[in-house]
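A.B. asks: Sequence first, then the predicted structure:
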Protein chains: 2
Amino acid sequence: MNIQDELLVAEVRRRSLRPLARLLRDIDDDVDAVNPVVQALWPHGGHAHIVGITGPPGAGKSTLVSALIAGWRARGKTVAVLAVDPSSPFTGGALLGDRVRMMQHATDEGVFIRSIATRGALGGLGPSTLEQAGVLDAAGFDVVVIETVGVGQDEVDIVRAAHSTVVVEVPGLGDAVQAMKAGILEIADIFVVNKADRPGAQTTVADLRRLGMMAPRQDGWRVPVHAVVALRGTGVDPVLDDLERHRPLGQQGDRAEARALHGIRRARRQRLDRQLEPWLRTTEAGRALVADVVTRRLSPREAALLCP
Amino acid sequence: MNIQDELLVAEVRRRSLRPLARLLRDIDDDVDAVNPVVQALWPHGGHAHIVGITGPPGAGKSTLVSALIAGWRARGKTVAVLAVDPSSPFTGGALLGDRVRMMQHATDEGVFIRSIATRGALGGLGPSTLEQAGVLDAAGFDVVVIETVGVGQDEVDIVRAAHSTVVVEVPGLGDAVQAMKAGILEIADIFVVNKADRPGAQTTVADLRRLGMMAPRQDGWRVPVHAVVALRGTGVDPVLDDLERHRPLGQQGDRAEARALHGIRRARRQRLDRQLEPWLRTTEAGRALVADVVTRRLSPREAALLCP
């Protein structure tokens, strides 16, 4: 590691805003290489509570995150947020949406918020989200929040990255959402029914509680369900208490190992995908393979067996 | 290929219900191997119109699919549906939800419907969905529908698998959904605003039309927006017309090549993932690597470089 890298490591550990923001961007721009600064920072992490927040669009996740930040700050904790933007997988463009609500914390030095594009994974974790969270951990933030939109693979990704996962719902999204919940139930460590001043909130809370009792956890954790009005900060404190209570379970051995396995799998897949792409597009053998699949001489699975 | 396999190929091409259902299940159970029956069937496909239907939970996708089936049948077309169930990535359990509404077609021999579990990809395409669609194509169905729940990676997957993709929305899901649409816009070939008898439907239709005009397609296609009440079959015919109109664009050269690339990438990733898993879990080197990530001696990306 050269002297520039050493200086950057020191600045990030001091939580200097601009160097930190720049490093996060660099990680995102250069997903191919192992960044020596990240590697040097990595052993300094392991102290933050990594909290995942997920739920369907319109559930008020950003508003909830903003309310949680206020609560953590009142308890003397520093907070970093990685808000994963729904972005086009084709153009790479990102939209900020109602994330501006978080801006009330913009002048607070104990709070760091980054909206990150997902590049090729609409609404899900970006290729570098896990490393970015690791850097924020190493920078010394007490809490690192990863906020994602999503019903789908994204939620599985987040539970494999976070120590504790909050699933946000809203009253009255209908039967189809209820049906989803058997899956979501195993992802949520804590349920928040946001916008709980709306009609139907009590039914949604009761439904989730019933579902929670139907699926006891191996680690003995009983998934709590909280009615919250994030916009007014109502009901946020008990969520913070439960997050603190859940933390040791989320950091224990088997979950730590599952996170490591998932991280390795993810990083390896990205590397191999990136090597395959130019081979398929530019080499003679690769182009012939693609042509064979287009003309149905080979199925994709047969073709995959012939890839390097 | 042995004689049993040859008989199965013949039965599937005759669209015999039980052999077809059994083959689809076998493909799903045995994702590791290349199935000789699938390979023998593969060259017979290429005639079906592969239609993706996606959208958030509660949008009434299954009801829409049911209404579309009725319309296609009235036009003399046979239809197969792969409905991807939201299933738990942890238990593998699947829920049927309102898919029962499709049951009205259960006694129609020109209609084949399978609910498939997603195994490890909550709400997204299963590991074998693309091959299953290929088998239904080879069996001679005129239309093969892939229905998925999802806001996320799933939608990217579906657009890469289907010739034409219908994105279903409902009125009044709020600002966050609006923000998502810049991404969804590039995925949708056709927009359906379902439950269009609800308040706010005209606003949603107008919003989507405006967005559509903001993002012209390279192939000249202008994304149409249809107001539909699927439960009553209202507005379904123009959707069928537009699907027919879009079909040649979806099947043309560059989209066919993109589909082939995506299929190869997906199949290869599955194979490599499946090889990595036992190495990480059971070999001495693999277990040491995982332990190094848990104790933060290595980052996941460094560890991935050391995988076979």
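C.D. replies: Ah, there it is.

A.B. asks: C-alpha from now on. contacts and neighbour counts both.
C.D. replies: Will do.

A.B. asks: what about the residue nearest to residue A:299 when sequence neighbours are not counted, how many residues close to it?
C.D. replies: Among residues not flanking residue A:299 along the chain, residue A:293 sits closest, at 5.8 Å (C-alpha to C-alpha, 6 or more residues apart in numbering or on different chains). Residues lying near residue A:293 (other C-alpha atoms under 10 Å in any protein chain shown) number 24.

A.B. asks: Repeat that for residue A:24.
C.D. replies: 21.

A.B. asks: so it touches residue A:134, yeah?
C.D. replies: No: distance between residue A:24 and residue A:134: 10.3 Å, which falls outside the contact criterion (C-alpha atoms under 8 Å).

A.B. asks: What strand or helix carries the residue nearest to residue A:299?
C.D. replies: helix A:284-294 (DSSP states H and E).

A.B. asks: With residue A:268 instead?
C.D. replies: helix A:253-282.

A.B. asks: For that helix, which helices and strands make contact with it?
C.D. replies: helix A:153-161, helix A:284-294, helix B:253-282, helix B:284-294, helix B:300-305 (3 or more C-alpha pairs under 8 Å, 6 or more residues apart in numbering or on different chains; DSSP states H and E).

A.B. asks: Among those, show me which one is buried the most.
C.D. replies: The highest mean neighbour count among these, using mean count of other C-alpha atoms under 10 Å in any protein chain shown, belongs to helix A:153-161: a mean of 24.

A.B. asks: Just tell me which of the helices and strands packed on helix A:253-282 ends up closest to residue A:271.
C.D. replies: helix B:300-305 (8.2 Å; C-alpha to C-alpha).

A.B. asks: would you put the C-alpha positions of the closest one in CSV?
C.D. replies: Provided in CSV are the C-alpha atoms of helix B:300-305 (Å, rounded to 0.1, in the frame of the first residue of the first chain):
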residue,chain,number,x,y,z
PRO,B,300,-15.4,-11.4,0.7
ARG,B,301,-13.8,-10.1,-2.5
GLU,B,302,-10.3,-11.2,-1.5
ALA,B,303,-11.7,-14.6,-0.5
ALA,B,304,-13.5,-15.0,-3.9
LEU,B,305,-10.1,-14.6,-5.6
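
A.B. asks: On the three-state scheme, the closest residue in space to residue A:20 that isn't next to it in sequence is what?
C.D. replies: Distances taken as C-alpha to C-alpha, 6+ apart place residue A:12 nearest to residue A:20, at 5.3 Å, with adjacent residues excluded. For residue A:12, the assignment made with DSSP: H, G, I helix; E, B strand; the rest coil gives helix.

A.B. asks: Point out the one among the helices and strands packed on helix A:253-282 that comes closest to residue B:1.
C.D. replies: helix A:284-294 (20.6 Å).

A.B. asks: got the angle for the strand or helix carrying residue A:134 vs helix A:253-282?
C.D. replies: Using DSSP H and E, residue A:134 sits in helix A:129-138. Compare the direction of helix A:129-138 with that of helix A:253-282 by axes from the mean of the first three to the mean of the last three C-alpha atoms, to 10 degrees and you get 130 degrees.

A.B. asks: Tell me the gap between helix A:129-138 and the middle of its chain.
C.D. replies: 11 Å (C-alpha atoms, centre = their mean, to the nearest Å).
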